[in-house]
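Novice: Return atomic coordinates for the entry below.
(one chain, ligands or ions: 2)
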Amino acid sequence: MPGREIRLRAGEQLDAVLRNDLPEPTTLHWHGVALRNDADGVPGVTQAAVAPGASHRYRFTAPHPGTYWFHPHVGTQQDRGLYGALVVEDPHEPLAYDEEWTVVLDDWLDGVTGTPDEVLRELRRGMDMSHPGRYMLMGATSLLLGGDAGDVRYPLFLLNGRTADAPDALRAKPGTRVRLRIVNAGGDTAFRVALGGHRLRVTHADGFPVEPVDTDALLLGMGERYDVLVTLADGVFPLVALAEGKGGAALGIVRTGAGRAPSASTRPAELERKVLGYRQLAATPAVRLARRRPDRTVTLRLAGSMSTYEWTIDGRRYDPAYRIPVEGGERVRLRFVNETSMWHPMHLHGHSFALGGAGGPRKDTAIVLPNETVVAEFDADNPGLWMIHCHNVYHAESGMMTVLGYR
Ligand code: C2O
Ligand code: CU
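Specialist: Ligands and ions are numbered 1, 2, ... in the order given. Predicted coordinates for the structure are as follows:
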């Protein structure tokens, strides 16, 4: 892990065969791609889950260049290491850079026995410390509580599948202009990312170009991607992804010259400086959503609590038969109203919305902070059945997921 990166060019067709060698059913979802609905990989909605030993062919055209990723849409399989980056290249790439590096971040619960579904079941049963599954339970609990579960073994944080005590070395010559494609594939962790000794020029959010902004650090919720450009100085520099609210971090070593590798606990000062938020971002003119009065406003009330561990959208746990009504051709305004004390990275399939309204960055995943309301607009121009859900895999699996459909 991560799985082998898949690359294609915008406008090209991907033809991929998923062979299920797992002991349980699975699918593949191509996160962020405005693809044909029947390739979206949602079991019971766009396809039947692929049985153990069976195969499924996915064929779709990727219309927009950008940084995407893929993962199963069954249970919490994504959180057990099944994910990879999907890069859709721009045949007319306007950015000038020498190299590009994909950086995939993850939170990893090591030593878990039992399936993730068992973990969830345990959680619902309550946090009984005397239970024999305590170790597993406490691990998952610390994930879910953001690391506040006391002296339990901590989740590991991974950068391209490696822990901070055996980090990946990314090598280049000094002066190299690198494009970093950063993906948060974690199940339950937001990462604050910085490269020691450098500022980052943000060029893309969730694959779509933004007016470039310079920042010291970036925050990525689960499912989010950012592309940044950076011109490398001479030396050895830590690329740190701090697990927000949890204390640990994922690490990569950027090496352009001589010097000792930074330690696993290194925390560059850039992490504490300016952290970019989506409100500072605007779509470039080429991908800006035209101003238009919304035809429909869909309010999505996010509710639930840690004590019951039931998460809902509009008072409803996930029901694959329910549809948020939308008509094809409409401009839809989504309002995410967070009534919980947790934050939720809300993701829409098959589209990119303008976050904050027309003019805002085009994204498919948006962080909605506790007690905050976030609006996002999109054009219903890709018919089918499309999921809207929290990208905390445990929240999604516990009900915070719904379907929007139109012809
Ligand atoms: Cu990456 Cu429905 O999700
Ligand atoms: Cu959530």
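Novice: C-alpha from now on. contacts and neighbour counts both.
Specialist: Fine.
Novice: how about the nearest residue to the residue of the chain found nearest ligand 2, chain neighbours excluded?
Specialist: Of all residues in the chain, residue 344 sits closest to ligand 2, at 3.7 Å by CA to the ion. Nearest non-adjacent residue to residue 344, counting by CA to CA, 6 or more residues apart in numbering: residue 368, 5.2 Å away.
Novice: Return the residues in contact with that neighbour.
Specialist: By CA atoms under 8 Å, 6 or more residues apart in numbering, residue 368 lies in contact with 336-338, 343-346, 374.
Novice: In which helix or strand does residue 105 reside?
Specialist: For residue 105, the host element (DSSP states H and E) is strand 99-108.
Novice: Give the buried residues for that strand.
Specialist: 102-108 (16 or more other CA atoms under 10 Å).
Novice: least confident pick among those?
Specialist: pLDDT is lowest at residue 108 among these; the value there is 84.
Novice: give me the beta-bridge partners of that residue?
Specialist: Residue 108 forms beta bridges with residue 156, as assigned by DSSP bridges.
Novice: I'd say it and residue 155 touch.
Specialist: Yes. Between residue 108 and residue 155 a contact is recorded at 5.4 Å, counting by CA atoms under 8 Å.
Novice: What backbone torsions are found at the residue nearest to residue 344?
Specialist: phi -110, psi 110 (degrees, to the nearest 10).
Novice: Around ligand 2, which positions in this protein sit nearby?
Specialist: Contact residues (CA under 5 Å from the ion) of the chain with ligand 2: 344, 390, 392, 395.
Novice: I'd like the list of these that fall within helices, please.
Specialist: Here DSSP state H is the test, and the residues of the chain next to ligand 2 give residue 395 as lying in helices.
Novice: May I ask which of the residues of the chain next to ligand 2 has the most neighbours?
Specialist: Counting neighbours by other CA atoms under 10 Å, residue 390 comes out on top of the residues of the chain next to ligand 2 with 30 neighbours.
Novice: and stretch 274-281, average pLDDT?
Specialist: The pLDDT scores in stretch 274-281 average 90.
Novice: So what touches it?
Specialist: For stretch 274-281, contacts defined as CA under 8 Å, 6+ apart pick out 192, 210-211, 213, 215-219, 355-356, 360-361.
Novice: Could you rerun that using 6 Å?
Specialist: The set of residues external to stretch 274-281 that reach it, using CA atoms under 6 Å, 6 or more residues apart in numbering, is 216-218, 361.
Novice: again with stretch 173-180
Specialist: Residues from elsewhere that reach stretch 173-180, judged by CA under 6 Å, 6+ apart: 97-102, 227-234, 256.
Novice: repeat that for 10 Å
Specialist: By CA atoms under 10 Å, 6 or more residues apart in numbering, the surrounding residues in contact with stretch 173-180 are 95-103, 172, 200-203, 226-235, 255-257.
Novice: Pull out the buried residues from those.
Specialist: Buried by 16+ other CA under 10 Å: 102-103, 172, 200-203, 226-235, 255-256, out of these.
Novice: Which pLDDT value goes with residue 309?
Specialist: Per-residue pLDDT puts residue 309 at 78.
Novice: Verify the stated contact: it with residue 317.
Specialist: No. Between residue 309 and residue 317 there is no contact under CA atoms under 10 Å: 11.4 Å.
Novice: Which residues are in contact with each of those two?
Specialist: Contacts common to residue 309 and residue 317, judged by CA under 10 Å, 6+ apart, are 398-399.
Novice: For residue 239, which non-adjacent residue is closest in space?
Specialist: Nearest residue to residue 239, sequence neighbours excluded (CA to CA, 6+ apart): residue 195, at 4.4 Å.
Novice: right, and that neighbour touches residue 242 too?
Specialist: No. Contact criterion CA under 10 Å: residue 195 and residue 242 do not qualify, at 11.2 Å.
Novice: Please say which of those two ends up with more neighbours.
Specialist: Higher neighbour count among residue 195 and residue 242: residue 195, with 25 against 22, using other CA under 10 Å.
Novice: Do a quick rundown of the helices in the stretch 51-200 of the chain.
Specialist: Assigned by DSSP state H, counting those that start in this stretch, the stretch 51-200 of the chain shows helices spanning 116-124, 134-144.
Novice: Would you single out the least confident of those?
Specialist: Averaging pLDDT over each of those puts helix 134-144 lowest, since it has a mean of 39.
Novice: Quick check: mean pLDDT of stretch 73-90?
Specialist: The pLDDT scores in stretch 73-90 average 93.
Novice: Would you mark the buried spots in it?
Specialist: Across stretch 73-90, burial judged by 16+ other CA under 10 Å covers 73-89.
Novice: Ok, stretch 167-181 next?
Specialist: 167-168, 172, 176-181.
Novice: what's the span of that stretch, first residue to last?
Specialist: End-to-end distance of stretch 167-181: 18 Å, with CA to CA, to the nearest Å as the criterion.
Novice: Check the offset of that stretch from the chain's centre.
Specialist: Stretch 167-181 sits 23 Å away from the centroid of its parent chain (CA atoms, centre = their mean, to the nearest Å).
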